[in-house]
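>>> sequence? don't have it. structure:
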């Protein structure tokens, strides 16, 4: 199956035998090509594999379109596509915070799927993907931020898994110094996603919420970011850069941070659950040496894990919406979610899979993930609707200015409060 960069494609109908149809008498049918925009096309992206399975089962063809690793860049790409009403892409992976933003361009899957299609899924995820009573996407896998750590190095140097951000800072400083003295000059205490993009919104929301600083905007749509706890959280994160985190962290996304940690050059890592399987895979420098825990908290807060995940949606401009919806239903069905969980350690959106023996055997840490999912913190997408992208953009850019030393936390949250209040008067 081809994996191509994003481009305009012409997809004429072609005549072929439907798989399975030969046994009924070799009846020929028209087989359409469905284009699906999957993930970045790297080793973590299981979408192409499942899309190919569907093609082999149905006799239809699938063109897989790889998209940028950065969620912000991926959103921009999809918006360009949808705003032009292009029929080039039929199915697309969308972030958990995009349904409200993209809803007008997406079909109501209720019109194409069976009545019980959503049975067994986490209700909160179905609710998240329902806009004005229209089911605009099916949840595929879900996420919550986690702390990965080198358990071998904590044991070696006599430290516990940190419960607070200050404990993380102190432990990272001590073990970083010891490992460098032992000869690893490339060793760092902590890596996180510090690039100015949606991933930084996730990290910074965890910092702020875990300090008791709120969730940027509350459920009623009131802007709450200008408070001392939020400012302190951002200032503490800024103190890591150049100290326990490399300067390059200001341009790191998920995969850059995983690379540093998996190569054995970091003590702590903030990332999503998918890292567990990759970091423990054959050839990994840290296989069998790592642990997973809830993220730390500030002096006045509780642990907070930003909820994430991806769903599959069908474009309103698709020329084959029923086939596209069938592909969505196949990929998100229980057997395929179970396969995804076992092979890639992605977290299912069907609740019963968290008690499935084979899933638990393949990834015992899924229990920890489930706890974080239940106690996670959502980004303020529901309260801000179509304006969420602008809210997030303002938040991660303000955070990035603090991390890079351009601004203090107090000034940043004060300015951000004013900007978001102006946006609120116009947009929600």
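Everything's here; your move. Because the structure is predicted, anything quoted here is derived from the model rather than measured. Residues are numbered from 1 along each chain as shown.

>>> and residue 119, how many neighbours does it have?
As a burial measure, residue 119 scores 10 neighbours (other CB atoms under 10 Å). For every residue, glycine as well, the C-beta is placed using N, CA and C.

>>> what about the longest helix in this protein?
helix 409-427 (DSSP state H).

>>> neighbouring contacts of that one?
Contacting residues not belonging to helix 409-427 are listed as 216-217, 221, 223, 225-228, 230-235, 238, 384-387, 390-391, 394-395, 398-399, 401-402 [CB atoms under 8 Å, 6 or more residues apart in numbering].

>>> give me the buried subset of these.
For the contacts of helix 409-427, a neighbour count by 16 or more other CB atoms under 10 Å gives the buried set as 216-217, 223, 225-227, 230-235, 238, 384-385, 387, 390-391, 394-395, 398-399, 401-402.

>>> out of the residues you listed, which are inside helices?
230-235, 238, 384, 390-391, 394-395, 398-399, 401-402.

>>> pick the one among those closest to residue 364.
Using CB to CB, residue 233 comes nearest to residue 364 of those, at 31.6 Å.

>>> thinking that closest one is in contact with residue 298, fair?
Yes - Residue 233 is within contact range of residue 298, at 6.1 Å (criterion: CB atoms under 8 Å).

>>> any shared contact partners between these two?
Common contact partners of residue 233 and residue 298 (CB under 8 Å, 6+ apart): 165, 207, 210, 211.

>>> okay, those residues in JSON lines with distance to residue 246 and pLDDT next?
Below are the shared contacts of residue 233 and residue 298 laid out as JSON lines (distance: CB to CB, whole Å; pLDDT from 0 to 100):
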{"residue": "165", "distance to residue 246": "18", "pLDDT": "98"}
{"residue": "207", "distance to residue 246": "18", "pLDDT": "98"}
{"residue": "210", "distance to residue 246": "23", "pLDDT": "96"}
{"residue": "211", "distance to residue 246": "24", "pLDDT": "97"}
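
>>> tell me which of the residues you listed fall in helices.
Short answer: the shared contacts of residue 233 and residue 298 in helices (DSSP H) are 165, 207, 210.

>>> can you pick the most crowded of those residues?
Using other CB under 10 Å as the neighbour test, those are led by residue 207, with 27 neighbours.

>>> where's it relative to residue 354, distance?
27 Å (CB to CB, to the nearest Å).

>>> from residue 109, how far off is residue 341?
22 Å.

>>> count the residues that sit near the nearest residue to residue 231 once chain neighbours are set aside.
Nearest non-adjacent residue to residue 231, counting by CB to CB, 6 or more residues apart in numbering: residue 409, 3.6 Å away. Residue 409 has 22 neighbours, counted by other CB under 10 Å.

>>> now swap in residue 370 and tell me
17.

>>> secondary structure class of residue 190, three-state.
Following DSSP: H, G, I helix; E, B strand; the rest coil, residue 190 is assigned to strand.

>>> got it, and residue 311?
strand.

>>> wait, isn't it in contact with residue 142?
No - if you go by CB under 8 Å, residue 311 and residue 142 don't touch, sitting 9.2 Å apart.

>>> between those two, which contacts overlap?
With CB under 8 Å, 6+ apart as the test, residue 311 and residue 142 both reach 96, 125.

>>> could you list the buried residues of the longest helix of the chain?
409, 410, 412, 413, 414, 415, 416, 417, 419, 420, 423, 424.

>>> how about stretch 309-327?
Buried, per 16+ other CB under 10 Å, within stretch 309-327: 309-318, 320-321, 323-327.

>>> on that earlier part again, now, among the shared contacts of residue 233 and residue 298, which is nearest to residue 36?
Checking those one by one against residue 36 (CB to CB), the nearest turns out to be residue 207, at 35.0 Å.

>>> ok, now which ones touch the residue nearest to the closest one when sequence neighbours are not counted?
Nearest non-adjacent residue to residue 207, counting by CB to CB, 6+ apart: residue 233, 4.1 Å away. Residues near residue 233 by CB under 8 Å, 6+ apart: 165, 204, 207, 208, 210, 211, 213, 298, 409.

>>> residue 152 now?
residue 289.

>>> checking it next. Helix, strand or coil?
helix.

>>> now the one 4 residues further on
Here residue 156 is helix, with the state taken from three-state DSSP.

>>> leaving out sequence neighbours, find the closest residue to residue 249.
Spatial nearest neighbour of residue 249, chain neighbours left out: residue 194 (4.2 Å); criterion: CB to CB, 6+ apart.

>>> ok, how many other residues are close to the one you found?
30.

>>> that one touches residue 242, doesn't it?
No - under the criterion of CB under 8 Å, residue 194 makes no contact with residue 242, lying 11.5 Å away.

>>> please name the residues that touch the nearest residue to residue 164 once chain neighbours are set aside.
Excluding its sequence neighbours, the residue lying closest to residue 164 (CB to CB, 6+ apart) is residue 296, at 5.1 Å. Residue 296 makes contact with 147, 162, 163, 164, 165, 167, 168, 210, 303, according to CB under 8 Å, 6+ apart.

>>> narrow the residues you listed to those that are buried.
Counted by 16+ other CB under 10 Å, the contacts of residue 296 give 147, 162, 164, 165, 168, 210, 303 as buried.

>>> against residue 382, how distant is the fourth one?
Looking back up the chat, that one is residue 165. Separation of residue 165 from residue 382 (CB to CB) stands at 27 Å.

>>> between the contacts of residue 233, which is nearest residue 81?
Closest to residue 81, out of all of those and judged by CB to CB, is residue 204, at 28.6 Å.

>>> break down the stretch 101-250 of the chain into its strands, ranges please.
Here the stretch 101-250 of the chain has its strands, by DSSP state E, counting those that start in this stretch, at 130-131, 134-135, 138-144, 146-150, 188-191.

>>> for residue 156, which of the ones you listed is the nearest?
Closest approach to residue 156 among the strands of the stretch 101-250 of the chain (CB to CB): strand 146-150, 8.8 Å.
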